[in-house]
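Q: I'd like to go over a predicted model; first the sequence, then the structure.
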Amino acid sequence: MPSRSASPPPTLADVAAAAGVSTATASRALSGRGSASSHARTEVLRAAAALGYVPNPLAVSLARRRGHRIVIGFVATHEWMLADQYASRVISAAARTAGEHGAGVSAAWIRPGDATGLADLAGDRSVLGVLLVNHSRGLLDAAPAGLRGRIAVIGPGFDRVPSHDVDTPSAMRASLRHLVTGGRRRIAMLTGPAWVPSMRRPYAAYRDGMAGHGWPVRTVAGGLSTASGRAGAVAALRRWPDLDAVVASTDLTALGVLEALADSGRRVPDDVAVIGFDDVPLAQLGRPPLTTATHPVEQIVAGAVGTLLSGGADPGLAVVHRSALVPRRSA
């Protein structure tokens, strides 16, 4: 039996025809902009409700000259951030959500503290909105007025723009509880880069957790790569050869920790337990498979892009997604 194709969604022209008005009048009645009699407005709204008409966000943005693409601005010291696995997840999720509404997505590299790139985007009429990753308060302060109402951020919010984030402090607390329950006491942390604001909160949770037990804080500055994790672990072992656990700011750095521990002859988890953060696919391929905490990147990005597609939101909007511990053999 041949399948029936779904009926196309009603258009503005359908609404206008059902209401007995012109398309221009229907548009004014639905948007509340321009002149339309109360009778025409009532008929248009009644027709739209009966037909189930939903305005296309992209069409609305074009009509208001608001642009047709979302730019994801990755704030980083090096351009390689655009090729990072995390960046790939962000771009893919954004493209999926924006594409459902007929909008496009592009990526841009923005240097920390340099608002020049934002100024260029503010003057680009094709830009519907900007989604900033690894932003800072200083960068938001320097954002041009032309982008006001068109920025959302992934990470900690600063009251002036909508933010979508993951609860990294609770993830760190869950990781510490897991380690302490397993008998670990000499726990070191490989922190993320100082220029990434989102890395400060898990560090604070680690510091407070260790202080709560009366144990010394052991931190080594790290990066975002496997190589930085390996180097950080070597430095940690040199300073504290008796450490029995390491928590890393990302899964990639944690995988570097596993390599360094293997090179030093230490067994994981018998001698040293290791926990990462992100739950990337590679975490399951660690030797041994890496205990980590989830980072719902796709849901976070979908929410942030949705905020931009809807034409902005309350600047104080702060959506925080839960993170869950994923126990595997490394801890």
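A: Cool, got the structure.
Q: got the phi/psi numbers for the closest residue to residue 224 other than its chain neighbours?
A: Leaving aside its chain neighbours, residue 224 sits nearest to residue 250 (6.0 Å; criterion: CB to CB, 6 or more residues apart in numbering). Using the backbone N, CA and C atoms, a C-beta is placed for each residue, glycine as well. Main-chain dihedrals, residue 250, degrees, to the nearest 10: phi -140, psi 160.
Q: show me what contacts residue 250?
A: 86, 192, 224, 229, 276-278 (CB atoms under 8 Å, 6 or more residues apart in numbering).
Q: and it, what pLDDT?
A: Looking at residue 250, its pLDDT reads 95.
Q: ok, it to residue 141 distance?
A: Here the distance between residue 250 and residue 141 works out to 27 Å (CB to CB, to the nearest Å).
Q: immediately after the helix or strand bottoming out on mean pLDDT in the chain, which helix or strand?
A: Least confident element among the helices and strands of the chain, by mean pLDDT, DSSP states H and E: helix 57-63 (a mean of 55). Following helix 57-63 in sequence order, the next helix or strand is strand 69-75 (DSSP states H and E).
Q: Mind listing the strands that following strand pairs with, and their directions?
A: Sheet partners assigned to strand 69-75 using DSSP bridges are listed as strand 104-110 (parallel), strand 127-133 (parallel).
Q: Tell me which residues of that strand come out buried.
A: 69-75 (16 or more other CB atoms under 10 Å).
Q: residues in contact with it?
A: Contacts to strand 69-75, defined as CB under 8 Å, 6+ apart, come from residues 81-82, 87, 90-91, 94, 98, 103-112, 117-118, 121, 126-136, 139, 305, 308-309.
Q: Now list the buried members of those.
A: Using 16+ other CB under 10 Å, the buried members of the contacts of strand 69-75 are 81, 87, 90-91, 94, 98, 103-105, 107-110, 112, 117-118, 121, 127-136, 139, 305, 308-309.
Q: Kindly state which of the strands paired with strand 69-75 is positioned closest to residue 285.
A: Each of these has some distance to residue 285 by CB to CB; the shortest is strand 127-133, at 25.4 Å.
Q: State the next helix or strand along the chain beyond the closest one.
A: Taking DSSP H and E, what comes next after strand 127-133 is helix 137-141.
Q: Pull out the buried residues from whichever helix or strand comes after that next one.
A: The helix or strand immediately downstream of helix 137-141 is strand 151-154, counting by DSSP H and E. By 16+ other CB under 10 Å, the buried positions in strand 151-154 come out as 151-154.
Q: Can you tell me which of the buried residues of strand 69-75 lies closest to residue 49?
A: Checking the buried residues of strand 69-75 one by one against residue 49 (CB to CB), the nearest turns out to be residue 70, at 29.7 Å.
Q: how far away is residue 186 from residue 151?
A: Separation of residue 186 from residue 151 (CB to CB): 43 Å.
Q: and what of residue 72?
A: Applying CB to CB to residue 72 and residue 151 gives a distance of 12 Å.
Q: Need the residues touching each of these two.
A: Shared contacts of residue 72 and residue 151, counting by CB under 8 Å, 6+ apart, come down to 130-131.
Q: So residue 165 is in contact with residue 303, correct?
A: No. In this structure, residue 165 is not within contact of residue 303 by CB atoms under 8 Å, at 9.9 Å.
Q: Next, show the common contact partners of the two.
A: Going by CB under 8 Å, 6+ apart, residues that sit against residue 165 and also against residue 303 are residue 319.
Q: Bridged to the residue nearest in space to the middle of the chain, which residues?
A: Closest residue to the average C-alpha location of the chain: residue 154 at 4.0 Å, with CA atoms, centre = their mean. Using DSSP bridges, the beta-bridge partners of residue 154 come out as residue 133, residue 164.
Q: what's near enough to touch it?
A: Contacts of residue 154 (CB under 8 Å, 6+ apart): 90, 131-133, 163-165, 300-301, 304.
Q: Mind doing that once more with 7 Å?
A: Residue 154 makes contacts with 131, 133, 164-165, 300-301, 304, as judged by CB atoms under 7 Å, 6 or more residues apart in numbering.
Q: and the helix or strand containing residue 209, what other elements does it pack with?
A: Using DSSP H and E, residue 209 sits within helix 200-213. The elements that helix 200-213 packs onto, with contact taken as 3 or more CB pairs under 7 Å, 6 or more residues apart in numbering; DSSP states H and E, are helix 168-181, strand 187-191.
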